[in-house]
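Participant: could you look at this predicted model? Sequence included:
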Amino acid sequence: MDELCTGLCKFMVESGADAGLAQFASLLVGVLLVSGVPLLTVIILIWVERKVAARIQDRIGPNRVGPLGLMQTFADLLKLLGKEDITPTSADRVLYNAAPLVSFASVVLIWVVVPFTPFHFGVDLEIGALYFVAIASLGTLAIMTAGWASNNKYALLGAFRVVALLVSYEVPLVFALLAPVMLAGSMSMLDIVNAQTGMWFVVLSPLAFVIFYISSQAETGRAPFDLIEAESELVAGFNIEYSGMKFGMFFAAEFLHVFTNGILMALLFFGGWMGPLYYESPLIAFAWLGLKGTIIYLTTLWLRNTVPRLRIDQIMAFNWKFLVPLSIANLILLSAALKILQELGIAPRDMLSAGFVDVLPTTIIMLLINLVMVAYLLGILRRHGQEFRRASQANQRTLAQAASGAGD
Amino acid sequence: MELNAVTIGFFVFTILTLGGGLGVVTTRNLFQGTIWLMVSLFGVAGYFVLLSAPFLAAVQVLVYIGAIAILITFAVMLTRSVTRINERYIRTIPSFVASLALFLVLLFGITVPIFGDYPSEMAPTVVMTTRDLGVALVEGNGYVAPFLLASVLLTAAMIGAIFIARDEDS
């Protein structure tokens, strides 16, 4: 068979099915999964998001339409479809209407390389991880286009902020993404998951996971990085002129992007479908991936509803002065340590076929390196915090003196 | 010519590349021009896919689409009017000569190795993988020197930009 026959198709041919039929079935399942799973989950995600946000804020959330308010999303969908579809007269008609489509497509296209189980995936690209980064950059463009084509100053201001935020946080995101790629020795998502048979990469490189987590939270524009929306200052930012289902598309894209990031983190750092009994049935493997992705997704919701919004200068300073240097240092240390360990014969040369025992020494050494780095970082942060507090106290003292001096 | 998926793909990407390029030079709207540029670059990424170079295709999309968003920001911020540009470009003859010269160089550069008297071994027959590309960049007899030189040059440019943008007294 040629290279087109991978995953499910290969498995079916090995168990004696007709090659052509196997290829057709495997492609059909791949297409159905890639197009179906994200579109179906987004309907549930909207309900989950609202319910979780409500619980964190000590409210009940949607509870009128259907049991537990589960039908609320469908009611909202009908409402959005029934709303008037406005295009401002001075807007750039084509680009204005194209932007929501591109925004949603940029998220759905990521699912092409997501391996749901060892046998079910859209396509196993040799450059899977790079493909994800490339497609994600389309989202930035969609938001910029929406902001400009609306011909509204608030929309344009919001879009400018987005470009600054998203382009900046893409740097640590890519550097963190390189950690699992380097550990697995491959950019294929399937290989990255298979390379975690011995040990999950989150244990081998926890710092890379934290950096990836923070920057993907920024990439989706969620609090504390929700400058894109900033309802209170920009009256909703780039999507202010959008109404009805076009607005709905932007919203669905954002909800789906958060969950997609959860699934990606599960694949890159938490072993994807790996878990007890995953080899018994593809359904169990699928359930493990969904469970891990959902847990990470719920933590991002928790974070979103807990922390306040940062200012743009704080966001930029945090990225360029802290996250980018940290991610570069992490990458250099990780690659050097990995190479040295491989030369010494401690680390396995091929992660794909390495078992738990083979990876154990590497894991301990990597964890120690990460621990030293975290201790050093905490030291730096504490020193900066003390300096900042001292400066602000001194400032307050001079202010108080000036005030009492003026009173005499 | 045989009509298969690759041929159809080639035609589609050619239309995207050339049509996008035409859109860039004909539109009088700066923003739409950048979008056309994106369409054109997307077509080039398609060529890379057809040539079995998915890595280059992904890099093309990543670098150029990301750059286009920034280009748009600068186009909107640095120009007085994005949509109603009245000035006409007057240096048509130098531009024509320059583009014609470039076209001829490319034409001969590409066709002579194919149709000329050069031995056919010059054209690579093996499809390169991403791993081969990486190895060629760091191998001693490969492209390690130009690769390092380019890295140093880019770093120097970046440091220079930061130095120029810095405040005098800070």
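Facilitator: Good, I have the coordinates.

Participant: give me the neighbour count for A:Leu399.
Facilitator: Per other CB atoms under 10 Å in any protein chain shown, the neighbour tally for A:Leu399 reads 10. C-betas here are computed from N, CA, C, even on glycine.

Participant: where's it, which helix or strand?
Facilitator: helix A:356-407 (DSSP states H and E).

Participant: surely A:Phe250 touches A:Glu241?
Facilitator: No. The pair A:Phe250 and A:Glu241 does not pass the contact test of CB atoms under 8 Å, sitting 11.3 Å apart.

Participant: who touches the closest residue to B:Thr129 other than its chain neighbours in this structure?
Facilitator: If the residues on either side of it in the chain are set aside, B:Thr129 comes closest to A:Glu126, at 6.9 Å by CB to CB, 6 or more residues apart in numbering or on different chains. By CB atoms under 8 Å, 6 or more residues apart in numbering or on different chains, the residues touching A:Glu126 are A:186-188, B:54-55, B:129-130.

Participant: where does A:Glu126 land on pLDDT?
Facilitator: Note for A:Glu126: predicted pLDDT of 80.

Participant: immediately after the helix or strand containing A:Leu298, which helix or strand?
Facilitator: Assigned by DSSP H and E, A:Leu298 belongs to helix A:282-304. Per DSSP H and E, helix A:282-304 leads on to helix A:312-317 as the next helix or strand towards the C-terminus.

Participant: any idea of the mean pLDDT in that following helix?
Facilitator: 85.

Participant: check contacts around A:Met199.
Facilitator: Residues in contact with A:Met199 (CB under 8 Å, 6+ apart) are A:356, A:359-360, A:362-363.

Participant: which of these are buried?
Facilitator: Buried members of those, scored by 16 or more other CB atoms under 10 Å in any protein chain shown, are A:359, A:362-363.

Participant: hmm, A:Leu301 and A:Gly262 touching each other?
Facilitator: No. The pair A:Gly262 and A:Leu301 fails to qualify as a contact (CB under 8 Å) at a distance of 9.7 Å.

Participant: more neighbours, the two?
Facilitator: A:Gly262 (24 against 21).

Participant: where does the more buried one land on pLDDT?
Facilitator: Confidence score, pLDDT, at A:Gly262: 92.

Participant: what of A:Ala230?
Facilitator: For A:Ala230, the model assigns a pLDDT of 66.

Participant: got it, and A:Gly293?
Facilitator: At A:Gly293, pLDDT is 92.

Participant: how near is it to chain B?
Facilitator: Distance, A:Gly293 to chain B, by CB to the nearest CB, to the nearest Å: 24 Å.

Participant: what does A:Ala218 give?
Facilitator: For A:Ala218, the distance to chain B - CB to the nearest CB - is 15 Å.

Participant: now do the contacts for that residue.
Facilitator: Contacts for A:Ala218 (CB under 8 Å, 6+ apart) come out as A:165-166, A:169, A:225, A:315, A:319.

Participant: so which of the residues you listed comes closest to A:Asp350?
Facilitator: Comparing the contacts of A:Ala218 against A:Asp350 with CB to CB places A:Tyr169 closest, at 32.8 Å.

Participant: test my guess that that closest one contacts A:Ser215.
Facilitator: Yes. Counting by CB under 8 Å, A:Tyr169 sits close enough to A:Ser215 to count as a contact (4.5 Å).

Participant: so what sits against both of these two?
Facilitator: In contact with both A:Tyr169 and A:Ser215: A:Leu323, using CB under 8 Å, 6+ apart.

Participant: re the thing from before, mind giving me the ChimeraX select for the contacts of A:Glu126, buried ones only?
Facilitator: Here is the ChimeraX command that selects the buried residues among the contacts of A:Glu126 (16+ other CB under 10 Å):
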select /A:186,187,188 /B:54,55,130
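
Participant: max pairwise distance over the contacts of A:Glu126: which two?
Facilitator: A:Ser186 and B:Pro54 (13.4 Å).

Participant: coming back round to it: and the contacts of A:Met199 as TSV, adding distance to A:Leu331?
Facilitator: As requested, the contacts of A:Met199 are exported to TSV (distance: CB to CB, whole Å):
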residue	distance to A:Leu331
A:Phe356	25
A:Val359	20
A:Leu360	23
A:Thr362	17
A:Thr363	18
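
Participant: returning to that earlier point: as TSV, the contacts of A:Glu126 with secondary structure, distance to A:Ile380 and pLDDT would be great.
Facilitator: Formatted as TSV, the contacts of A:Glu126 follow (DSSP: H, G, I helix; E, B strand; the rest coil; distance: CB to CB, whole Å; pLDDT from 0 to 100):
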residue	secondary structure	distance to A:Ile380	pLDDT
A:Ser186	coil	34	85
A:Met187	coil	32	86
A:Ser188	coil	37	87
B:Pro54	helix	40	81
B:Phe55	helix	37	83
B:Thr129	coil	41	72
B:Thr130	helix	37	75
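
Participant: what's near enough to touch the one residue in the stretch 251-400 of chain A that gets nearest to chain B?
Facilitator: Nearest to chain B, among the residues of the stretch 251-400 of chain A, is A:Trp320, at 10.4 Å (CB to the nearest CB). Going by CB under 8 Å, 6+ apart, A:Trp320 touches A:Ser168.

Participant: quick one: least confident helix or strand in the chain?
Facilitator: Going with chain A. helix A:231-234 (a mean of 63; mean pLDDT, DSSP states H and E).

Participant: wrong one, I was asking about chain B
Facilitator: Every helix and strand in chain B was compared by mean pLDDT, DSSP H and E; the lowest is helix B:66-78, with a mean of 72.

Participant: elements contacting it?
Facilitator: helix A:128-149, helix A:153-184, helix B:30-50 (3 or more CB pairs under 8 Å, 6 or more residues apart in numbering or on different chains; DSSP states H and E).

Participant: which one of these lies nearest to A:Thr398?
Facilitator: Closest approach to A:Thr398 among the helices and strands packed on helix B:66-78 (CB to CB): helix A:153-184, 34.0 Å.

Participant: what mean pLDDT does the closest one get?
Facilitator: Per-residue scores along helix A:153-184 average to 86.

Participant: does it reach chain B?
Facilitator: Yes. Counting by CB under 8 Å from any CB of the partner chain, chain B has neighbours in helix A:153-184: A:156, A:160, A:163, A:167, A:170.

Participant: and of those residues, the nearest to chain B?
Facilitator: Of the residues of helix A:153-184 next to chain B, the one sitting nearest to chain B (CB to the nearest CB) turns out to be A:Val163, at 5.1 Å.

Participant: for that closest one, give me its contacts.
Facilitator: A:140, A:143-144, B:69-70, B:72-73.

Participant: please check these and keep the buried ones.
Facilitator: A:140, A:143-144, B:69, B:72-73.

Participant: and chain B, what are its domain boundaries?
Facilitator: Listed domain ranges for chain B are B:1-93, B:127-170 (source: automatic domain parsing).

Participant: which of these sits most buried?
Facilitator: Neighbour counts (mean count of other CB atoms under 10 Å in any protein chain shown) averaged over each of those peak at domain B:1-93, with a mean of 15.

Participant: for stretch B:152-161, the averaged confidence score.
Facilitator: Across stretch B:152-161, pLDDT averages out at 92.

Participant: for stretch A:64-82, that is, sorry about that
Facilitator: For stretch A:64-82, the per-residue pLDDT averages 85.

Participant: coming back round to it: which SSE is immediately downstream of the least confident helix or strand of chain A?
Facilitator: Defined by DSSP H and E, the subsequent element after helix A:231-234 is helix A:244-269.
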